[in-house]
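Enquirer: following is a predicted model, sequence given first.
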Amino acid sequence: MDDVDPVGFIGLGHMGEPIAVNLLRAGRRLVAWTRRAERVQELVRAGATGAVDVGQVLDSCEVVLVMLADAAALDEVLGWDGSGFAHPLAGRTLVNLGTVSTASASAFHERVREAGGRYVEAPVSGSRVPAQRGELVVMLAGDGDLDPLEQLLAPISRAVVRCGAVPAATATKLSVNAFLVSLVTALAESVHLAERSGVDLDVLHRVLDSGPMASAVSRMRLAAMLERDYAPQTAIDDVVRNCQLVLELAESAGTGAPMARRSHDLYTRSSALGFGAADMAAVVEALRA
């Protein structure tokens, strides 16, 4: 794959749009499609070529990046769910940037291989702000020469880490997610305990932001919890889905994930309280309620 070859991009949602924009800024030629036509037009104005359907993307590009919500969305878009014509993938490299289960990743890998194509997984760690800044961490796994893909993904990331064969990148991403959701849940518990104990919240803010546990994640989510500003970076409902994937991975590995399980319960409760589309920092509302 040369720098001048067009790259396909399917899925221009919360994360897909900023990733695509950064690829355009890096000089990549993109042929893009998503279900909402207005989002395609927005990317066209940024320099992409708009496709009328998935088939046009696959006809135009040997390498196609996909950023969709879940495995069911990928099945539907590629016509694998039986709702439409399955798109031919011979000679194509399908790079999945989204997060699915390890079972789904293995199934996709086999299905694309049987169709004469190549499936590479490249799930990303980071929310919308890191995506906008080109500071995601990409976990890369697949067969064949991955050097061109690492070069392709460099403009969207602060690091591209090779994980081995499919589904190793997915297993790595879900292990990282187990830490993330538990971290934010623990932060919410700290904030709620301080509130109920009469602690000066400005003092708590200064101590946590200045201490050895501070990180970009904790600083962003702590401010959101204290200000009750839940503009979505990573939505509660997405966290619920990712927690479920973590629990499925733990079960398949013959182990437990008690913190992920408790976090799943709290995020599910936050969603039931009406915070499903809010940022994951709104998990604190499950405790406040």
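Expert: On my side now, so go ahead. Numbers count the residues shown, from 1 in each chain.
Enquirer: tell me which stretches of the stretch 1-150 of the chain form strands.
Expert: 7-10, 30-33, 49-50, 63-66, 93-96, 118-121, 124-125, 136-141 (DSSP state E, counting those that start in this stretch).
Enquirer: any chance you could map the helices in the chain?
Expert: Assigned by DSSP state H, the helices in the chain fall at 16-25, 37-45, 54-60, 71-77, 102-114, 128-133, 147-153, 168-197, 201-210, 216-227, 236-252, 258-270, 284-288.
Enquirer: for the last one, packing partners?
Expert: Going back to what we said before, that points to helix 284-288. Under the contact criterion of 3 or more C-beta pairs under 8 Å, 6 or more residues apart in numbering; DSSP states H and E, helix 284-288 touches helix 168-197, helix 258-270. Every residue, glycine included, has its C-beta placed from N, CA and C.
Enquirer: any buried residues in the first one, and which?
Expert: Along helix 168-197, these residues count as buried under the neighbour rule (16 or more other C-beta atoms under 10 Å): 168-174, 177-178, 180-185, 187-188, 190-192, 194-195.
Enquirer: between it and helix 216-227, how big is the angle?
Expert: 40 degrees (axes from the mean of the first three to the mean of the last three C-alpha atoms, to 10 degrees).
Enquirer: next one: the shortest one
Expert: For helix 258-270 against helix 216-227, the angle between stretch directions is 40 degrees (the same axes, to 10 degrees).
Enquirer: which strands or helices does helix 258-270 pack on?
Expert: helix 168-197, helix 236-252, helix 284-288.
Enquirer: which residues does that helix contact?
Expert: The contact list for helix 258-270 (C-beta atoms under 8 Å, 6 or more residues apart in numbering) reads 178, 181-182, 184-185, 188, 236, 239-240, 243-244, 246-247, 250, 276, 278, 280, 282-283, 285-287, 289.
Enquirer: going through those, which ones are buried?
Expert: Looks like the contacts of helix 258-270 have 178, 181-182, 184-185, 188, 236, 239-240, 243, 246-247, 250, 276, 278, 280, 282-283, 285-287 buried, using 16+ other C-beta under 10 Å.
Enquirer: I'd say residue 62 and residue 90 touch.
Expert: No: in this structure residue 62 lies outside contact range of residue 90 using C-beta atoms under 8 Å: 10.6 Å.
Enquirer: settle it for me: which of these two has more neighbours?
Expert: residue 62 (15 against 9; other C-beta atoms under 10 Å).
Enquirer: name the nearest residue to that one, ignoring sequence neighbours.
Expert: Computed as C-beta to C-beta, 6 or more residues apart in numbering, the closest residue to residue 62 that is not its neighbour in sequence is residue 92, at 6.0 Å.
Enquirer: which residues touch the one you found?
Expert: Taking C-beta under 8 Å, 6+ apart, one finds 58, 61, 62, 63, 64, 112, 117, 118 in contact with residue 92.
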